[in-house]
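Undergrad: Can you look at this prediction? I've put the sequence above it.
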Amino acid sequence: MKVKEKSDKYYINKYHLSEDQLADYKKKRAEIDDPDLIIEDLIEPEISLRRIQGRGFTEIYEKLDYLKKTEEEYLKVISFYEKNHPEMKIVRLDATQPIEKTAEIIWSYIKEMPIIKA
C-alpha cells in the first residue's frame, strides 16, 4: 500500500491537544464565532482504518494508534462544546453506514443551515 509523505487534509489532526494546547485552544476560540453545527462521526477507529486502507493508499498519520488518539481528542473538544455551549446543535452520526448514506445525512443538516438557505 502506498503511503503519502505529506498531507494538507485533516488540519486539526496534525497534532493532539495536550492540556496546555487545549487551554490555548479555549482562549483562541473565544476570539471566533461558535460553529452553528457540529457533526460527530461515530465510527470505531478499526472500521475507519479498514475504509482508509480500501482506497489503496494511506496518509503517513493514518495508523490505528493515531486514529484512536484522534478520536479521544475530538471527544474532548465536543465535550467542551456540550458543557460550555449547551445551545449548540451537535449531531452524533452513525458513520458505520455506507459512505453515500452518511454523506446524504450530513448534507441534510447542512442544507438546513441559515447561511445555505439564504
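TA: Arrived safely, thanks for sending. Numbers count the residues shown, from 1 in each chain.

Undergrad: And for residue 67, the neighbour number?
TA: Neighbourhood size, residue 67 [other C-beta atoms under 10 Å]: 20. C-beta coordinates here come from the backbone N, C-alpha and C atoms, glycine included.

Undergrad: ok, how many other residues are close to residue 59?
TA: With other C-beta under 10 Å as criterion, residue 59 counts 16.

Undergrad: any idea how far residue 71 is from it?
TA: 16 Å (C-beta to C-beta, to the nearest Å).

Undergrad: now residue 94
TA: 15 Å.

Undergrad: can you give me the strands in this structure?
TA: Using DSSP state E, the strands of the chain run over 2-4, 37-42, 57-59, 89-94.

Undergrad: Comparing those by mean pLDDT, which bottoms out?
TA: Looking at those, the lowest mean pLDDT belongs to strand 2-4 (a mean of 46).

Undergrad: Now residue 114. Nearest residue, chain neighbours left out?
TA: Leaving out its chain neighbours, the residue that sits closest to residue 114 by C-beta to C-beta, 6 or more residues apart in numbering is residue 36, at 7.4 Å.

Undergrad: mean confidence score for the top helix by length along the chain?
TA: The longest helix of the chain (DSSP state H) is helix 64-84. For helix 64-84, mean pLDDT rounds to 90.

Undergrad: can you state the direction angle for that helix and strand 37-42?
TA: On the basis of axes from the mean of the first three to the mean of the last three C-alpha atoms, to 10 degrees, helix 64-84 is oriented at 140 degrees to strand 37-42.

Undergrad: Okay, buried residues for helix 64-84 please.
TA: 66, 67, 70, 73, 74, 77, 81 (16 or more other C-beta atoms under 10 Å).
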